[in-house]
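1. predicted model follows, preceded by the sequence.
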Amino acid sequence: MDADTALRLALARPESMAERTTAEWAPLLAAARESALLGTLWHLADDAGLAEGLPEPVASHLWGAALIAEHRSRALVWELHGLADGLLSRMSPGVVLKGAAYLAAGLPNARGRLANDIDLLFPRNEVERAEKLLFFEGWSGTHHNVYDQRYYREWMHELPPLVHQNRGTTLDLHHNILPETFRGHPDPARLRQQSQALPEPFRFRILCPAHLVLHAIVHLFSETEWDRGLRDLYDIHVLLRHFSTRDGDAFWEHFVAEAEALNIAWMAERALWTANRLLLTEIPAEPVKRLARARAGIALRGLGRWSFVHGLHTRAGSITPRRDAVARGMLFLRGHWLKMPAGLLARHLFHKAFLAEKPETATAQPQPEQHG
Amino acid sequence: MRIADLGLARLQQSLAGRGLYLRTGPFTSRIQSPIASVARGIESLYRDFEVADNSSFYDFHCELRAPRSHRRFYRPQVLFLSDRRSVFKPLACQQAYPMLEWGLNWCIANQVPYRLVLHAAALERNGKALILPAPPGAGKSTLCAALAHHGWRLLTDESVLVDLATNEVSGPARPVSLKNDSIRVIRESCPSAVLSTPIADTLKGAVAHMRPPTDAVHRSHETARPGWIVFPRYRPGASIQLKPRAAGSGFMQLIANAFNYAALGTRAFHSAGRLAEESACFDFTYSRLDEAMQQFDRLADGR
């Protein structure tokens, strides 16, 4: 079995890991490493009672990745405590989004997940106040040129990322879950109104279950880079399973209604199809039927689905690298097309190509001699 | 089967095909490359290493090849790919072999989350590990190469592996990297050492690699207990000096030289802490290798 298929199967049916041969494990680990899913696989194997039976080096790699995820989670929770107790307590509580939210709410996809940064949602007219308060706790902006400032503050749904000056943690302040210029625009007040208080001691809120899943969906299906897409799809898969098991039809009812109310039913339709196709997520007939109205026309639908499937292949584990590259190119164009109207997009790409400063060397590839 | 039994033709064939599965201590690396100098380098320097069959598990997947651009023809370059992704800036093609060594070091530094990985050399004697952490230019590799031919078993020149639970020290026993003057120094002081032809004009000057002694390769699975942590400093003309260093300050230097200390958090803290406590820590200044060897003999004998 090829590595990508084996990885998806391991995520969908953890007990399948028992059938992997030694030769299959190495490329499977490479694909999981690329998708930041090694730590997740450790917990899945452990829960399925397979950890003892794994080949020794496989168990080591998975266990080690879970250690790193555990340490990173602890550090992130510590940051959240600090934020909750600090100057932000002068404002009405913000909503924690994505990785930090899964962690704070103890959702099942949080274990083994490598959470990178903290995302907080505030009302648009308060988000810059939060930015000012956080400055006094050592958080400061990263993008200093005029164009980038305008890009974020006028067109995007978040401020330029903040980085803590001592610890290097990244913090994104959002006022919506999609850019201002995006085609189809959710009403952020709706997200905040239905949000729920996190259990003590966090003085933050979390999106309601339907919105939580929809945000994970929006995050992946509006992306221009699908590099770690499989991890995002796995979030969607686990959250859907978790909430639909817990709340049954009531969850699905609310999910579809909110997808429609937020103008993102079309993204939800694509996400449910992709999760079911690639991770065997169980989805009842009713939501599929109701979301069918939001489907693309037959030609675009096929092309879209083809590019989602190929875009979610890994570089390390795919057996169709050329087709994947085409799909990644299509997803890149699609993401930009959705993000901005044509005129603005042309202007933005022109700026990035000819006027913008080239990215700093910190993100560039290192010299190999550093490892000699 | 070992590299020596394989022969150059079959070695080249596996490298150009599905890959050479090379065992180095606890790791297996799958290496693919059509480049002749890579095959010749492996044939000479990894002579005693074991080859696994290609249904085995591998920890790292490396590939060295020309970029798919005009630079494969015009002033040809080489890329190092890990898991099919290029991780470094390209180098001139004649540096392909050192790039393999640097790339394998990168793999250990970045893809081994289940050990504390220290940027240091290590050797073993009487079951105890001597760890030599040092910034570049401190003479770590020169000392390491000389000690490997002077009664100490080479564990590693670059990446020390520390078991997070037991604190056993080990290493992949791979070739030792020598630069500039140390190439001549090792040739003169260790006549039995086998060195690759130096490659001039790398960013670090001339670079050659030393074949690990056969015994070190055959015993690369044997771990060692923490013994000594010595911070070497080469100072031209200086007489040797071995000065004890407090465990606390040794610990601080250890974690400054650990690749994954920050990623592993508390476990790395306790592991490095125990390692510093169980070892005797020293600062060591030297200029002459023969004097240094005698000093390390005395250290091993507890004199």
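-> Yep, it's here.
2. so which bits of the stretch 1-150 of chain B are right by chain A?
-> Within reach of chain A by Cβ under 8 Å from any Cβ of the partner chain, the stretch 1-150 of chain B has these residues: B:28, B:30, B:54-59, B:61, B:80, B:83-89, B:91, B:98-99, B:101-103, B:105-106, B:109, B:111-115. Where C-beta positions appear, they are placed from N, C-alpha and C, glycine not excepted.
3. so which of the residues you listed belong to strands?
-> Counted as lying in strands by DSSP state E, out of those, are B:28, B:30, B:61, B:80, B:85-86, B:91, B:115.
4. all helices of the stretch 151-300 of chain B, in order?
-> B:181-189, B:214-218, B:247-256, B:261-264, B:266-278, B:289-301 (DSSP state H, counting those that start in this stretch).
5. so can I have CSV of those helices showing mean pLDDT and mean neighbour count?
-> Formatted as CSV, these follow (pLDDT from 0 to 100; neighbours: other Cβ atoms under 10 Å in any protein chain shown):
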stretch, mean pLDDT, mean neighbour count
helix B:181-189, 94, 17
helix B:214-218, 97, 17
helix B:247-256, 94, 18
helix B:261-264, 94, 19
helix B:266-278, 95, 18
helix B:289-301, 95, 16
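6. out of those helices, which is closest to B:Arg125?
-> With respect to B:Arg125, and counting by Cβ to Cβ, the nearest of the helices of the stretch 151-300 of chain B is helix B:289-301 at 4.7 Å.
7. now that closest one against helix B:181-189, angle please.
-> Interaxial angle of helix B:289-301 relative to helix B:181-189 (axes from the mean of the first three to the mean of the last three Cα atoms, to 10 degrees): 80 degrees.
8. ok and the residue in chain A nearest chain B?
-> A:Gly64 (3.1 Å; Cβ to the nearest Cβ).
9. so for the host helix or strand of that residue, mean pLDDT?
-> A:Gly64 belongs to helix A:56-85 when assigned by DSSP states H and E. Averaged over helix A:56-85, pLDDT sits at 95.
10. what comes up buried for it?
-> A:57-73, A:76, A:79-80, A:83-84 (16 or more other Cβ atoms under 10 Å in any protein chain shown).
11. do stretch B:198-211 as well
-> For stretch B:198-211, the neighbour count (16+ other Cβ under 10 Å) marks B:198-199, B:202, B:204, B:206-211 as buried.
12. equivalent analysis for stretch B:71-84, please.
-> B:71, B:76-84.
13. farthest-separated two in those residues?
-> B:Pro76 and B:Asp83 (23.8 Å).
14. which one among the buried residues of stretch B:198-211 gets closest to B:Cys190?
-> Checking the buried residues of stretch B:198-211 one by one against B:Cys190 (Cβ to Cβ), the nearest turns out to be B:Met210, at 8.3 Å.
15. how close does that closest one get to B:Val185?
-> 12 Å (Cβ to Cβ, to the nearest Å).
16. B:Gly205: what's it in contact with?
-> B:179-180 (Cβ atoms under 8 Å, 6 or more residues apart in numbering or on different chains).
17. ok, what's across the strand from it?
-> In this entry, B:Gly205 is beta-bridged to B:Thr202, by DSSP bridges.
18. ok, it to A:Glu24 distance?
-> In terms of Cβ to Cβ, B:Gly205 sits 44 Å off from A:Glu24.
19. list phi and psi for the residue of the stretch 201-303 of chain B found nearest chain A.
-> Nearest residue of the stretch 201-303 of chain B to chain A (Cβ to the nearest Cβ) works out as B:Gly265 at 3.5 Å. For B:Gly265, the backbone dihedrals (degrees, to the nearest 10) come out as phi 60, psi -130.
20. quick one: contacts for the closest residue in space to it that isn't next to it in sequence?
-> Excluding its sequence neighbours, the residue lying closest to B:Gly265 (Cβ to Cβ, 6 or more residues apart in numbering or on different chains) is A:His71, at 3.5 Å. Contact analysis of A:His71 by Cβ under 8 Å, 6+ apart lists B:263-267.
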